[in-house]
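Colleague: the following block contains a protein sequence and its predicted model.
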Amino acid sequence: MIDDDKKAAAVAAVAEVRDGMLVGLGTGSTAAFAIRTLGERVALGLQIRAVVTSEASGKLARELGIEILDFAAIAQVDLTIDGADEIDARCFAIKGAGGAMLREKIVAASSARMVVIADGSKRVDRIGAAKLPVEVLPFASAYVMRALTDTGAAPVIRHNYRTDQGNLVVDCHFATLEDPRATATTLAAIPGILGHGLFLDEVDAAYIATSGVVTRLERTGASD
């Protein structure tokens with residue numbers, strides 16, 4: 001089952017956590033397995049503190065006895081564990097199905113190491129089939145939708161959804177994603193887009209479980 005694979009990947013990733021670490025906790029169904037696994041280790045005596053990328057993850061972590069710090073006062077995180085919607089051999093990832101990609105990217109950027117956990121269905125030859133979410137300032141919504149349409153993104157505003165910051169999420173459906181870095185540059189240059197789900201430099205490793213077997217993928221330094 002997919003949930004069994006998500007849990008297996010989470011257990012493998014959480015094994016990297018050591019006493020004294022400040023851990024970043026991602027958002028979404030797969031990240032929740034990591035939070036629960038970490039909570040089990042905390043209950044057994046592991047001494048860590050954490051920051052979270054969403055209110056939902058914070059609620060779950062606190063319920064499990066994990067000490068949560070306000071990220072606004074944190075400049076550096078030791079290890080972040082998060083899920084992904086797609087990941088390829090370059091450790092390029094698409095994230096944001098859970099709507100927290102802006103906070104996730106900020107926490108990832110602050111981290112000495114970021115690992116992704118995923119079931120085998122998320123492993124792809126090259127990212128690009130999954131929808132690519134962008135976080136948009138509501139004030140700029142009409143302009144951003146026009147600008148995205150001009151890029152061929154086929155944008156759709158996520159229905160009845162706001163991020164923890166009160167912003168919109170627009171899901172983009174590119175026909176192809178031949179040059180992820182060029183796409184990331186294009187998106188970043190559109191005023192009103194606050195963040196996007198292309199994670200091209202943040203992921204250091206991934207734990208991917210298929211039928212109960214976990215494989216670890218390490219970034220090779222590829223930059224294409």
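Modeller: The structure has been received and is ready for your questions. The structure displayed is predicted, hence computed values, not measured ones.
Colleague: quick one, phi/psi of residue 123?
Modeller: The phi/psi pair for residue 123 (degrees, to the nearest 10) reads phi -80, psi 130.
Colleague: also residue 11?
Modeller: Backbone phi and psi, for residue 11 under degrees, to the nearest 10, turn out to be phi -60, psi -40.
Colleague: how close does it sit to residue 38?
Modeller: Between residue 11 and residue 38 the distance, using C-beta to C-beta, to the nearest Å, works out to 10 Å. Bear in mind the C-beta positions are built from the backbone N, C-alpha and C, glycine included.
Colleague: neighbour-wise, which of these two wins?
Modeller: Under the criterion of other C-beta atoms under 10 Å, the comparison of residue 11 against residue 38 puts residue 38 first, with 24 against 18.
Colleague: for the more buried one, give me its contacts.
Modeller: Contacts of residue 38 were listed using C-beta atoms under 8 Å, 6 or more residues apart in numbering, and they are 14, 17, 23, 25, 46, 48, 50, 61, 64, 66, 81.
Colleague: pull out the buried residues from those.
Modeller: Applying 16 or more other C-beta atoms under 10 Å to the contacts of residue 38, the neighbour count classes 14, 17, 23, 25, 46, 48, 50, 61, 66, 81 as buried.
Colleague: how about the fifth one, secondary structure?
Modeller: Assigned with DSSP: H, G, I helix; E, B strand; the rest coil, residue 46 falls in the coil class.
Colleague: touching, it and residue 19? I think so.
Modeller: Yes. In terms of C-beta atoms under 8 Å, residue 46 counts as a neighbour of residue 19; the distance is 6.3 Å.
Colleague: any idea of the mean pLDDT in the longest helix seen in the chain?
Modeller: Of all the segments of type helix in the chain, defined by DSSP state H, the longest one is helix 29-43. Over the span of helix 29-43, the pLDDT mean works out to 97.
Colleague: what about the helices in the chain?
Modeller: All helices of the chain, identified by DSSP H, fall at 2-14, 29-43, 55-63, 101-109, 141-150, 180-188.
Colleague: for the ones you listed, which one sits closest to residue 216?
Modeller: Checking these against residue 216 by C-beta to C-beta gives helix 2-14 as the closest, at 7.2 Å.
Colleague: buried stuff in the closest one?
Modeller: Buried positions in helix 2-14, judged by neighbour count with 16+ other C-beta under 10 Å: 5, 6, 7, 8, 9, 10, 11, 12, 13, 14.
Colleague: TSV for these, including distance to residue 155 and pLDDT?
Modeller: Rendered in TSV, the data for the buried residues of helix 2-14 read as follows (distance: C-beta to C-beta, whole Å; pLDDT from 0 to 100):
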residue	distance to residue 155	pLDDT
5	31	96
6	29	96
7	34	96
8	35	97
9	31	97
10	32	97
11	37	96
12	36	97
13	32	97
14	36	97
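Colleague: which one of those residues is nearest residue 108?
Modeller: Of all those, the one sitting nearest residue 108 is residue 13; the distance, using C-beta to C-beta, is 13.9 Å.
Colleague: how's this protein carved up into domains?
Modeller: 2-125+200-215, 132-196 (automatic domain parsing).
Colleague: packed most tightly, which of the ones you listed would that be?
Modeller: domain 2-125+200-215 (a mean of 20; mean count of other C-beta atoms under 10 Å).
Colleague: next, the distance between the ends of that one.
Modeller: End-to-end distance of domain 2-125+200-215 (C-alpha to C-alpha, to the nearest Å): 15 Å.
Colleague: centre of the chain versus it, how much separation?
Modeller: 8 Å (C-alpha atoms, centre = their mean, to the nearest Å).
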